[in-house]
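Novice: My questions are about this predicted structure, shown below with the sequence.
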Amino acid sequence: MSRMLVVLFSGILLIGAVAGAYYSYIGIDKVISTSGEDWGQFGDYFGDVAEALLSFISILLLVYTIHLKTRVRVHFPIRC
C-alpha cells in the first residue's frame, strides 16, 4: 500500500512540477489572454502532458496488479 501512495504522490508532484514550469515560463507580470487561439494551444499542451502522465501511471498500476497476482499465486497455488 505504501508503494501505491508513493506512485500517487509522485504523479501529483510531477503534475505540479509541469504546471510550475509552465507558470515560471509565462511569468508573473503577464496578462491572461482573451484569445481563443492561445487558450486552444494551452489546452493542447495541458492535455498532452496530462495524457502522458496518466498513461504512465496506468502502466505502473498495471505492473503493480501483475505483481500482486503473482504474489498471491505463490502463496496459494492452483491445484487441479
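Specialist: That came through fine.
Novice: for the helix or strand hosting residue 14, which positions count as buried?
Specialist: Element membership of residue 14 [criterion: DSSP states H and E] is helix 2-26. For helix 2-26, a neighbour-count test (16 or more other CB atoms under 10 Å) marks 7, 15, 18 as buried. Every C-beta, even on glycine, is put in place using the N, C-alpha and C of the backbone.
Novice: how about the residues you listed in TSV, adding distance to residue 42?
Specialist: As requested, the buried residues of helix 2-26 are arranged in TSV below (distance: CB to CB, whole Å):
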residue	distance to residue 42
7	27
15	15
18	12
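Novice: Just put those residues in TSV and tack on pLDDT.
Specialist: As requested, these are exported to TSV (pLDDT from 0 to 100):
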residue	pLDDT
7	78
15	80
18	78
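Novice: Helix or strand for the residue most central in space within the chain, just tell me which one.
Specialist: Residue closest to the mean C-alpha point of the chain, counted by CA atoms, centre = their mean, is residue 53 at 3.2 Å. Element membership of residue 53, judged by DSSP H and E, is helix 36-75.
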